[in-house]
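Chemist: predicted model follows, preceded by the sequence.
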Amino acid sequence: MKSFIYSESTIAFVTAAAQTCLLIEKAGEHEREEWREQMLRLLPVLYLRTRLLEQAECVMEEEPQRFVAEEDYNYALVGIRELLGSDDAYLDVFVDQGIYTDEVQTAYISEGLADIYQELKDMAAAFQTGEEPIMNDAVVLCREAFEAHWGQKLLAVMRALHAMTIDN
């Protein structure tokens with residue numbers, strides 16, 4: 001276990017996650033274009049660092065504690081929503097269990113990033129406990145959640161940010 005949580009790939013992942021959380025939390029302190037550019041530089045790194053994580057197993061019977069409260073989630077969501085304004089919404093193709101359909105829906109960068117933030121912040125807070133079993137399971141579960149849902153959200157948000165037109 002110790003080799004996994006202190007491995008180069010895990011430390012690089014946790015670092016990228018912490019940087020992403022900080023940028024999301026401080027969205028209101030940035031100009032829109034500056035924040036967008038920083039996100040477009042950071043999100044691919046986060047994606048890559050998550051993909052490069054070594055495979056590991058949970059060691060505890062119960063799941064690690066969740067740290068992100070509804071207020072934290074809403075703070076992240078509203079900060080991004082206010083920063084992006086009408087550029088927050090984008091059209092996305094509905095994906096259900098990896099199967100694309102022709103159903104198009106309106107999605108929101110703020111919601112996608114707030115969902116990602118919740119996963120990353122819970123993992124980072126658990127990692128900060130210094131308790132190795134908790135740290136291990138938090139990273140393992142975050143990686144599993146990446147595979148299940150937030151990896152797709154990250155890619156969709158990147159695409160939307162890439163296509164976003166900034167009104168100057």
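Modeler: That came in fine, so what should we check first? Numbering: from 1, shown residues only.
Chemist: how close does residue 162 get to residue 43?
Modeler: In this view, residue 162 and residue 43 are 10 Å apart by C-beta to C-beta, to the nearest Å. Yep, even glycine has a C-beta here, placed from its N, CA and C like the rest.
Chemist: which strand or helix spans the residue nearest the centre of the chain?
Modeler: Residue closest to the mean C-alpha point of the chain, counted by C-alpha atoms, centre = their mean, is residue 116 at 2.9 Å. Secondary structure assignment for residue 116, by DSSP states H and E: helix 109-127.
Chemist: on contacts alone, who are the packing partners of that helix?
Modeler: Counting by 3 or more C-beta pairs under 8 Å, 6 or more residues apart in numbering; DSSP states H and E, the packing neighbours recorded for helix 109-127 are helix 8-25, helix 70-84, helix 132-145, helix 151-163.
Chemist: excluding its backbone neighbours, what's nearest residue 85?
Modeler: Once flanking residues are discounted, residue 85 sits nearest to residue 32: 7.9 Å by C-beta to C-beta, 6 or more residues apart in numbering.
Chemist: pLDDT at the one you found, what is it?
Modeler: Predicted confidence (pLDDT) for residue 32: 95.
Chemist: ok, now residue 153?
Modeler: pLDDT for residue 153: 96.
Chemist: kindly report the same for the one 3 residues further on.
Modeler: In the prediction, the pLDDT value recorded for residue 156 is 95.
Chemist: state the number of residues packed around the residue nearest to it when sequence neighbours are not counted.
Modeler: Counting by C-beta to C-beta, 6+ apart, residue 92 is the residue found nearest to residue 156 once chain neighbours are left out, at 5.5 Å. A total of 19 residues lie near residue 92 under the criterion other C-beta atoms under 10 Å.
Chemist: if we can go back for a sec, the helix holding residue 116 to helix 151-163, inter-axis angle?
Modeler: Put simply, helix 109-127 runs at 130 degrees to helix 151-163, going by axes from the mean of the first three to the mean of the last three C-alpha atoms, to 10 degrees.
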